[in-house]
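In: Give me a 3D structure for the following:
(one chain, ligands or ions: 2)
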Amino acid sequence: MPESAIMIENLRKTYAGQGGKPKEALKGIDLDVPAGSIFGLLGPNGAGKSTLINILAGLVIKTSGKVKIWGFDQDVNPRQSRAAIGVMPQEPNMDPFFTPRGALEVQAGLYGVPKSQRRTDEILEMIGLTEQAEAYARTLSGGMRRRLLLGKALVHRPQVLVLDEPTAGVDIELRQMLWNNVRRLNEDGMTIILTTHYLEEAQEMCDEIAIIHRGEKIVQDKTSALLGRLDGKTLVITTDGKGDCPPPEGVTLDRRPDGALAFSYKPSETSAGAILSAVHAAGLNVRDVKTEEPDLEDVFLSLTGS
Ligand SMILES: Nc1ncnc2c1ncn2[C@@H]1O[C@H](COP(=O)(O)OP(=O)(O)OP(=O)(O)O)[C@@H](O)[C@H]1O
Ligand SMILES: [Mg+2]
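Out: Ligands and ions are numbered 1, 2, ... in the order given. Sure thing, here's the model as predicted:
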């Protein structure tokens, strides 16, 4: 097993663009996705995430740079690098005349999977389309089509699975089914790369995260380390009565709509104990205490400013 599932060096993509103005979608990206991880690729609309993923999938031709998938250079070993990756694209590209079973069989054929090694029934079961196996794709609901896209990405048992916004616009049940499948596949050793605009999902699912913004990578780190970057917490204290309390130095105080006192502080400079002491010293009776920590959304906003 290679150390890196995906290795990208100085990747650039300039689209020709309509009306003559070229669009520089990727401006020299380096990316290293550890094998075995669940890796989040985040960024605002238009950041270049799908461009990057479509280059990995062989759907978009890069302008320059190096891409290695499971150790295989895309330009030197195109067949092996393509066999190592399965991509669930953001935009469904489905032939309405196939049934789910037919679509999976055709996809397996495209990847040269011999009939004896196909897992069509197993995949149909996994994506919850056993009952619809013989229905025409055009009669499937939007969510069912997305599930079929996931199935198609899996027919050749890729080492790396890439999901471009798998949960955009899907209901809670399908979202849970997707994440359960992703977790199971990852436990079985598959490396997962995903994009999502639901930062809570990324925070919960991903071991490591890269944020790209306007075609450039602005950060890549373990999820826990990213969350630790923001040195800020809030201590929310509910007191009896409406008494005030001067906050300790370096701490800002806001009053919440329900009357609770919200002390924002830097854990590196002030302890929660110092704030509680100040509250006691002000003669206030503490009824309830809770802390609020920064989440991925705060990190994202602080880095992308959007
Ligand atoms: N085929 C194309 N021709 C010209 N420009 C394109 C093409 N595809 C994408 N772009 C431009 O490249 C930039 C990056 O687009 P991309 O789809 O990679 O972003 P994204 O990060 O996936 O965004 P989203 O979160 O909205 O899916 C955008 O400015 C987009 O308009
Ligand atoms: Mg996209």
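In: For the residue of the chain at minimum distance from ligand 2, report the pLDDT, please.
Out: Closest to ligand 2 within the chain is residue 50: 3.1 Å, counting by CB to the ion. Heads up, the C-betas are built off the backbone N, CA and C, glycines and all. pLDDT, residue 50: 95.
In: Give the next helix or strand downstream of the host helix or strand of it.
Out: Using DSSP states H and E, residue 50 sits within helix 49-56. Next helix or strand after helix 49-56 toward the C-terminus (DSSP H and E): strand 64-69.
In: So which residues make contact with that next one?
Out: Strand 64-69 is touched from outside by 4-12, 26, 28-29, 55-56, 73-75, 81-82, 84-85, 160, with contacts defined as CB atoms under 8 Å, 6 or more residues apart in numbering.
In: Run through the neighbouring helices and strands of the next helix or strand after it.
Out: The C-terminal neighbour of strand 64-69 among helices and strands, as given by DSSP H and E, is strand 72-73. Contacting strand 72-73 under the criterion 3 or more CB pairs under 8 Å, 6 or more residues apart in numbering; DSSP states H and E are the following elements: helix 78-83.
In: tell me what the helix it packs on is packed against?
Out: strand 64-69, strand 72-73.
In: which ones are touching residue 194?
Out: Taking CB under 8 Å, 6+ apart, we find residue 194 in contact with 38-41, 162-164, 166, 182, 202, 205-206.
In: Apply 7 Å and report the result again.
Out: By CB atoms under 7 Å, 6 or more residues apart in numbering, the contact list for residue 194 reads 40, 163, 166.
In: could you say which helix or strand contains the nearest residue to the last one once chain neighbours are set aside?
Out: Sequence neighbours aside, residue 178 is the residue nearest to residue 166 in space, at 5.3 Å (criterion: CB to CB, 6 or more residues apart in numbering). Secondary structure assignment for residue 178, by DSSP H and E: helix 172-187.
In: and whichever helix or strand comes after that helix, anywhere near ligand 2?
Out: Downstream of helix 172-187, the first helix or strand assigned by DSSP H and E is strand 191-195. No. Strand 191-195 does not reach ligand 2 (CB under 5 Å from the ion); its nearest approach is 6.4 Å.
In: how about the helices of the stretch 151-300 of the chain, start to end?
Out: Taking DSSP state H, counting those that start in this stretch, the helices of the stretch 151-300 of the chain run over residues 172-187, 199-205, 223-228, 272-281, 296-304.
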